[in-house]
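Engineer: test case, fold it:
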Amino acid sequence: MPEADRDRGAEDPSERINRELIELLNELRVALPGVQVLFGFLLVVPFNQRWTDVTDLQRDVYFVTLLLTAASTAFLIAPSATHRLRFRAHDKARLIEISNRYAIVGLALLCLALTGAVLLVADVLFGTREAALVAALTFAVFGGLWFVIPLRMVLEGGQDKKRAGAGPAA
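Structural biologist: Numbering: from 1, shown residues only. Predicted coordinates:
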């Protein structure tokens, strides 16, 4: 058993909840700059001189991507706001549970927003067919790295623990 797992086994429930909350908030600090840069980029795009030359598809992709980015920002910042408003309520376990959900939804929306941004730029540069291919690959990479692989690890980890007789996955 790795040392970190042994140390976590010695945690009392309060220590575990405090650690999990700190880990969650630190993870969000990594995601937020990316979504903020994307949102800033999208806010200035329509003010570019060439914006009048966009197709209906490009305009629609832009607007959907802008909305996805705004929604992603809302969900990724929500855990911090919730923590700030509820931190003295002595309900950190619930705070972690809801904040974890917010973060997952925020990341899913960010995956879609990044795919939309790539679709928009690739369509302007290369055309719709090439843009669709690049966007599909972008979605596959983000979706695979952020969701498919981690979820597969959870499923496989649960199977490994069951085979070893260690009980259900943590």
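
Engineer: could you use CA atoms for every contact and neighbour count after this?
Structural biologist: Fine.

Engineer: list the buried residues for stretch 90-101?
Structural biologist: K92, A93, L95, I96, S99, N100 (16 or more other CA atoms under 10 Å).

Engineer: now that stretch, how far from the chain's geometric center?
Structural biologist: Put simply, stretch 90-101 sits 17 Å off its chain's centre (CA atoms, centre = their mean, to the nearest Å).

Engineer: nearest residue to the middle of this protein?
Structural biologist: L107 (1.6 Å; CA atoms, centre = their mean).

Engineer: what is the burial count for the nearest residue to it once chain neighbours are set aside?
Structural biologist: Distances taken as CA to CA, 6 or more residues apart in numbering put S72 closest to L107, at 6.8 Å, once the chain neighbours are dropped. As a burial measure, S72 scores 28 neighbours (other CA atoms under 10 Å).

Engineer: okay, and S72 sits in which element?
Structural biologist: Per DSSP states H and E, S72 falls inside helix 56-86.

Engineer: circling back: which of the buried residues of stretch 90-101 fall within strands?
Structural biologist: Per DSSP state E, strands hold no members of the buried residues of stretch 90-101.

Engineer: report the mean per-residue pLDDT for stretch 104-113.
Structural biologist: The pLDDT scores in stretch 104-113 average 96.

Engineer: low-confidence ranges, the protein, go.
Structural biologist: The chain contains residues with pLDDT under 70 at 1-9, 158-170.

Engineer: check the offset of the lengthiest helix in the chain from the chain's centre.
Structural biologist: Scanning the chain for the helix with the most residues, using DSSP state H, yields helix 92-126. Its chain's C-alpha centre and that of helix 92-126 lie 5 Å apart, by CA atoms, centre = their mean.

Engineer: renumber starting at 523 from here on
Structural biologist: Sure thing, new numbering starts at 523, so read that last one as helix 614-648.

Engineer: what helices or strands is the helix or strand following that helix leaning on?
Structural biologist: Next along the chain after helix 614-648, taking DSSP H and E as the criterion, comes helix 650-665. Helices and strands touching helix 650-665, by 3 or more CA pairs under 8 Å, 6 or more residues apart in numbering; DSSP states H and E, are helix 614-648.

Engineer: between the helix it packs on and helix 578-608, how many degrees?
Structural biologist: Interaxial angle, helix 614-648 versus helix 578-608 (axes from the mean of the first three to the mean of the last three CA atoms, to 10 degrees): 160 degrees.

Engineer: now for helix 614-648, which elements pack on it?
Structural biologist: Partner elements for helix 614-648 (3+ CA pairs under 8 Å, 6+ apart): helix 535-566, helix 578-608, helix 650-665.
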